[in-house]
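Visitor: Give the three-dimensional model of this entry:
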Amino acid sequence: LVAFAHTEFGGGSRADYRVKSPTMGGQVIVKPSDPAQAGWWSFTKLASGSLGHDITVTAASGSTIDADSSVSFDTLTFSGGNQELNFAGGGGIEFTGATSTPGDTTFNAEESTSTTFSGAISETAAAALTFEGSEGSQFNLPQANSYTGVTTIRESITVTINDDDSLGGDGGGVAGTTITDNASLRITGEDMNNEQFTLSSQGNALGAGIQHLGGGDTLIRQQIVMTGDSRIGSSSGNRLRIIGGIDNGGNEVELTANNRIDIEANGITGAGDVRIRGGNEIYFHTNAPNSYSGDTIVENNTRLRVRRPDSLGDSTGITIVRDRGTVLFESGNDTHIENFQIEGQGRNNGEGALWNLNATNTIQGTVTLTGDARIRSESGNLRVTGNVGGAGNLTKTQNGDVTFENATNTLAGNTAIHGGRLIVTGAGGLGNQ
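Guide: Residues are numbered from 1 along each chain as shown. Reported below is the predicted structural model:
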């Protein structure tokens, strides 16, 4: 036989399927001919792999649907209390009808298997759902679901949602979602009004711990609470708008902007570092006060646009701009009290490690060149009142002004002016030159 099924897990449960592609011809699927006749099997040859068949899981654990190609069923029902169902084989498995759970339920996927619940997931008793499995395996939840318990996404699994109630609640559930280990939650253009996220995941090859996939702006309105180092990303089209803020809990948060990420309204809190990378742009908005006390690291050809004096956190942390990173000062008349360490020519090899877009902005802390660096002033004036030091060479570009107000700077490298003015105070304004 090129396909087989057996009853070793569920005692005759129809969930015990093995679906395998044959070496010749169409697809052969083995299934029970009559649900009442456990152990009796018939053979059906289907070109599409669509059974239109209801599945009932009777065993509490150990049941597996194994498919190395695409197969679809109708409804999925669990009998009994808490349940577990495994998916394997590397194929695509879809339930086109409703799924009903009688209590807490765990779905596990291995071997890069993709499972889609196209029908709604409901409960007959309060149910928390857990999605887990190996990297490359996925669960897809395109519909609104009405289960009311907490959703846990863990191990290295990836879960993709297409509705603001995909994670339960169906119009107002606030039980919350926890994402841990190396798991990834991918969101396609939804306004997440009520979902509270607890995050402790850097994600995996398919996405960050929380990943925006495009398809319109994704809005997260409740605060993201971090319990471990985590990555939040935006990969294509439109924006990821984080309105409820981020509590990093003393952990590092990495914002990976392959497409734009906006931090709005409630800002970032906690003692952990904030790492900016991904190749696009991240906005810290004028209505988003940030009080985090860790360092800010900007790197990987990414621009961080700041729009208020406390955008870069409190004065405890250092803002570190690495080669091809850019901090852009916008809005104007802001005073930034933290210290800066800068190097490089900025994003796209020319935007500058520091870029004053307009008006007058002030750096009250020190600026230390850890390598050759460019400062760009488009218009207005970028004032530095603290010491400017370091061993690197400094290049100033564009038509705006840069003013070094400290009369005893310790800059050791050469200074080149390629446009506009560099204004210094006192003989030592350019350092040891």
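
Visitor: chain center to stretch 266-280: distance?
Guide: 12 Å (C-alpha atoms, centre = their mean, to the nearest Å).

Visitor: and it, C-alpha only, in CSV?
Guide: What follows is stretch 266-280, C-alpha atoms only, in CSV (Å, rounded to 0.1, in the frame of the first residue of the first chain):
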residue,chain,number,x,y,z
ASN,A,266,2.2,54.8,25.6
GLY,A,267,5.8,54.4,24.7
ILE,A,268,8.5,51.9,26.0
THR,A,269,9.1,51.4,29.7
GLY,A,270,11.5,49.1,31.7
ALA,A,271,15.2,48.8,32.4
GLY,A,272,16.1,46.8,29.2
ASP,A,273,17.9,47.9,26.1
VAL,A,274,16.1,48.9,22.9
ARG,A,275,17.7,47.6,19.7
ILE,A,276,16.7,49.2,16.3
ARG,A,277,17.5,47.3,13.1
GLY,A,278,15.9,45.8,10.0
GLY,A,279,16.8,48.1,7.1
ASN,A,280,13.7,50.5,7.2
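
Visitor: what's near enough to touch T256?
Guide: Counting by C-beta atoms under 8 Å, 6 or more residues apart in numbering, T256 touches 208, 231-234, 277-278. To be clear about C-beta, it is placed using only N, CA and C from the backbone, and glycine gets the same treatment.

Visitor: A126 now?
Guide: Neighbour list for A126: 103, 148-149 [criterion: C-beta under 8 Å, 6+ apart].

Visitor: ok, 10 Å please
Guide: 101-104, 147-149, 175 (C-beta atoms under 10 Å, 6 or more residues apart in numbering).

Visitor: swap in H336?
Guide: H336 sits next to 306, 308-312, 315, 319, 327, 329, 361-365, 384 when contact means C-beta under 10 Å, 6+ apart.

Visitor: Just those residues: which are in strands?
Guide: Using DSSP state E, 306, 319, 327, 329, 361-363, 384 are the members of the contacts of H336 that sit in strands.

Visitor: Just flag the most distant two among the contacts of A126.
Guide: Longest distance between any two of the contacts of A126 is 17.3 Å, between P102 and A175; criterion C-beta to C-beta.

Visitor: Tell me, how many residues neighbour the nearest residue to A271 once chain neighbours are set aside?
Guide: Nearest residue to A271, sequence neighbours excluded (C-beta to C-beta, 6 or more residues apart in numbering): G250, at 4.3 Å. Neighbourhood size, G250 [other C-beta atoms under 10 Å]: 16.

Visitor: helix, strand or coil for G250?
Guide: coil (DSSP: H, G, I helix; E, B strand; the rest coil).

Visitor: tell me the pLDDT at it?
Guide: pLDDT recorded at G250 is 98.

Visitor: my guess is it meets S293, correct?
Guide: Yes. Contact between G250 and S293 holds when scored by C-beta atoms under 10 Å: they sit 9.2 Å apart.

Visitor: Quick check: neighbours shared by these two?
Guide: Common neighbours of G250 and S293 (C-beta under 10 Å, 6+ apart) are 270-273.

Visitor: one step back: can you name the residues that contact the residue nearest to A271?
Guide: 226-229, 270-273, 292-294.

Visitor: cool, T269 as well?
Guide: 223, 245-249, 289-293, 313.

Visitor: distance of R231 from N248?
Guide: 12 Å (C-beta to C-beta, to the nearest Å).

Visitor: Okay, now the sheet partners of the longest strand along the chain, with direction.
Guide: Using DSSP E to define each element, the chain has its longest strand at strand 367-377. Sheet partners assigned to strand 367-377 using DSSP bridges are listed as strand 339-344 (parallel), strand 354-356 (parallel), strand 388-390 (parallel), strand 394-397 (parallel).

Visitor: Among the contacts of G250, which one lies nearest to R374?
Guide: Once C-beta to C-beta is applied, the member of the contacts of G250 that ends up nearest R374 is D273, at 24.1 Å.

Visitor: just checking, the closest one touches T296?
Guide: Yes. Counting by C-beta under 10 Å, D273 does reach T296; the two are 7.3 Å apart.

Visitor: okay, the two: which has more neighbours?
Guide: Higher neighbour count among D273 and T296: T296, with 25 against 22, using other C-beta under 10 Å.

Visitor: Which strand residues bridge the closest residue to that one other than its chain neighbours?
Guide: Counting by C-beta to C-beta, 6+ apart, the nearest residue to T296 once its immediate chain neighbours are dropped is T319, at 4.5 Å. Beta-bridge partners for T319, by DSSP bridges, are T296, F340.

Visitor: try the one 10 residues further on
Guide: Residues in a beta bridge with F329, per DSSP bridges, are V306, N356.

Visitor: Return the residues in contact with it.
Guide: 305-307, 311, 336, 354-363, 377-378, 380, 382.
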